[in-house]
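Asker: sequence and predicted structure, then a few things I'm wondering about:
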Amino acid sequence: MNKSLILVIEDEEDILALIHYNLVKNGFRVECATSGEEGYKKARDLRPDLVLLDLMLPGMDGTDVCRLLRQAPDTKECPIIMLTAKSEEHDIVRGLDLGADDYIPKPFSPQILLARVRAVLRRRDKPEAGAGHAEPIRVRDLYIHPGRNQVVANDEAVELTYTEFKVLMLLASRPGWVFNRTQIVDAIHGEDYAVTDRAVDVQIVGLRKKLGSCGDYIETVRGVGYRLKE
């Protein structure tokens, strides 16, 4: 059986070599690009199973590449994991807003990289159990249809990433119920997923922004976690 094809768009030679070595060693097929323009062209030509995309690239930067890939019909469903040395929250949120499925901050270990790649590929290949039969959820001006992966806020359709949708579904499954960050991570990625609490906070920030005024329904319970107001 053919292994998944990973396109790595990264301009730092040492990091590119490290990623390439570990992916190939673990059975993946790998293509590389060292600029945004080259990476975008290869993604359109090769249609990889997943893109590892550095945010800081010469010429066309990673956020532009992400935006263009999400707009193109033949790559809009391709999973994208951002690689970023930036720690500023707004840079990460911007990438997630543009449709990236996950992010990995530099420096990272090969084990973390492989775990994230495998997790995203599993989510792509495994439909949500029972999602097609789940009943729609309505909380005031917020409407969620699990089977269609559809969200409507204030009568406006909202485009969410896979992870954002899962977070919202978890909170909406029990309005008023407080979920801590560990519960949110486990529900979305599984217990073996290596992630920090900060990553959950970033997803919540992006989700609130996309939901507009309905984002106020997501309440922070200081020292505990998050809940969707009843």
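Answerer: Happy to help now that I have it.

Asker: can you pull out the helices in this protein?
Answerer: With DSSP state H as the criterion, the chain has helices at 13-25, 36-46, 62-71, 89-97, 110-125, 162-173, 181-189, 197-211.

Asker: dump those into a markdown table; add mean pLDDT, distance to Pro79 and mean neighbour count as well.
Answerer: Placement of C-beta: from N, CA and C, glycine included. Below are the helices of the chain laid out as a markdown table (pLDDT from 0 to 100; distance: least, C-beta to C-beta, whole Å; neighbours: other C-beta atoms under 10 Å):
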| stretch | mean pLDDT | distance to Pro79 | mean neighbour count |
| --- | --- | --- | --- |
| helix 13-25 | 95 | 14 | 15 |
| helix 36-46 | 96 | 11 | 18 |
| helix 62-71 | 90 | 10 | 20 |
| helix 89-97 | 68 | 13 | 20 |
| helix 110-125 | 84 | 5 | 17 |
| helix 162-173 | 85 | 8 | 21 |
| helix 181-189 | 76 | 13 | 18 |
| helix 197-211 | 83 | 16 | 19 |
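
Asker: Glu230: which of those helices is closest?
Answerer: Distance to Glu230, taken as C-beta to C-beta, is lowest for helix 162-173 among those, at 10.7 Å.

Asker: what's in contact with the closest one?
Answerer: Helix 162-173 is touched from outside by 96, 101-102, 123, 137, 139, 142, 144, 146, 149, 151, 160, 179, 183-184, 187-188, 200, 203-204, 206-207, 210-211, 218, 226-228, with contacts defined as C-beta atoms under 8 Å, 6 or more residues apart in numbering.

Asker: what does stretch 62-76 give?
Answerer: The contact list for stretch 62-76, computed with C-beta under 8 Å, 6+ apart, reads 9, 36, 39-40, 43-44, 47, 51, 53-57, 78, 80, 82-84, 94-95, 98-100.

Asker: same thing but at 6 Å, please
Answerer: Here stretch 62-76 makes contact (C-beta atoms under 6 Å, 6 or more residues apart in numbering) with 36, 39-40, 43, 53-55, 80, 94-95, 98-100.
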